[in-house]
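**Q** pasting a predicted model and its sequence here:
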Amino acid sequence: MTVRRTRTVEVAVDGVPAPRWRGKLRRFCSLVMQEAGAVGWELSLLLCDDSRMMDLNRRYRGAERPTDVLSFPGHLEPTPHGRPLRGRAVTGDIAFSLDTLRRNAREYGVSVDEELKRLVVHGILHCAGMDHGSDRHGKMLALQESLLAALEKERIIGK
């Protein structure tokens, strides 16, 4: 079995102005993958508003409300022993509602940058095949926090 080593992150926008920090978002995604040990990745990101996210959430999850992040994993390579992303390629699509992102940041008392980084890591881990809903031991959320700690000084929005 061949592991793909392509490394791309594409960012599209729908219903929101194109943010100036799209390049930093692509870079942060790449850093998450490198830190997690992924050998290749092909990610498509969508930055949208609540209206578009509600359409996606309705279509793919049957939920009549917007959400902050939705992940759509692509082809998954078998997981080697050890760290879940180590040595594998990760592909998929991730949608982010910037409206819900801002509301959640206010509600949780964190910066929009910190909340966006959390959602990016969370979405990437879902694209890697992890699922906190069936993770009785909390491995996904523990890895999420570990990656966020390792990349704490990185910024997507702001300096």
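**A** Structure's in. What do you need?

**Q** would you double-check that R155 falls in a strand?
**A** No: going by DSSP: H, G, I helix; E, B strand; the rest coil, the assignment for R155 is coil, not a strand.

**Q** quick one: low-confidence ranges for the protein?
**A** 1-4, 75-85, 134-137 (pLDDT under 70).

**Q** what's the strand or helix carrying R27 in contact with?
**A** Assessed by DSSP states H and E, R27 sits inside helix 22-36. With contact meaning C-beta atoms under 8 Å, 6 or more residues apart in numbering, helix 22-36 is reached by 7, 9-11, 13, 19, 41, 43, 45, 47, 83-86, 90, 116-117, 120-121, 124, 128, 143, 147, 150-151, 154-157. Yep, even glycine has a C-beta here, placed from its N, CA and C like the rest.

**Q** buried residues of it, list them for me.
**A** Neighbour-count burial for helix 22-36, counted by 16 or more other C-beta atoms under 10 Å, picks out R22, K24, L25, R26, F28, C29, S30, V32, M33, E35, A36.

**Q** let's have those residues in TSV, adding distance to M53.
**A** What follows is these, written out as TSV (distance: C-beta to C-beta, whole Å):
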residue	distance to M53
R22	18
K24	22
L25	17
R26	20
F28	20
C29	19
S30	24
V32	21
M33	24
E35	27
A36	25
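
**Q** nearest to D68, of these?
**A** Nearest to D68, judged by C-beta to C-beta, of the buried residues of helix 22-36 is L25 at 15.0 Å.

**Q** how close does the closest one get to M54?
**A** L25 sits 22 Å away from M54, going by C-beta to C-beta, to the nearest Å.

**Q** with V11 instead?
**A** 21 Å.

**Q** got it, and L147?
**A** 29 Å.

**Q** now swap in T6 and tell me
**A** T6 is 32 Å from M54, by C-beta to C-beta.

**Q** between those two, who's got more neighbours?
**A** M54 (19 against 10; other C-beta atoms under 10 Å).

**Q** now do the SS call for the more buried one.
**A** Quick answer, by three-state DSSP: M54 is helix.

**Q** how many neighbours does the residue lying closest to it once chain neighbours are set aside have?
**A** Leaving out its chain neighbours, the residue that sits closest to M54 by C-beta to C-beta, 6 or more residues apart in numbering is P66, at 4.5 Å. Other residues within reach of P66, judged by other C-beta under 10 Å, total 21.

**Q** good, wrapping up.
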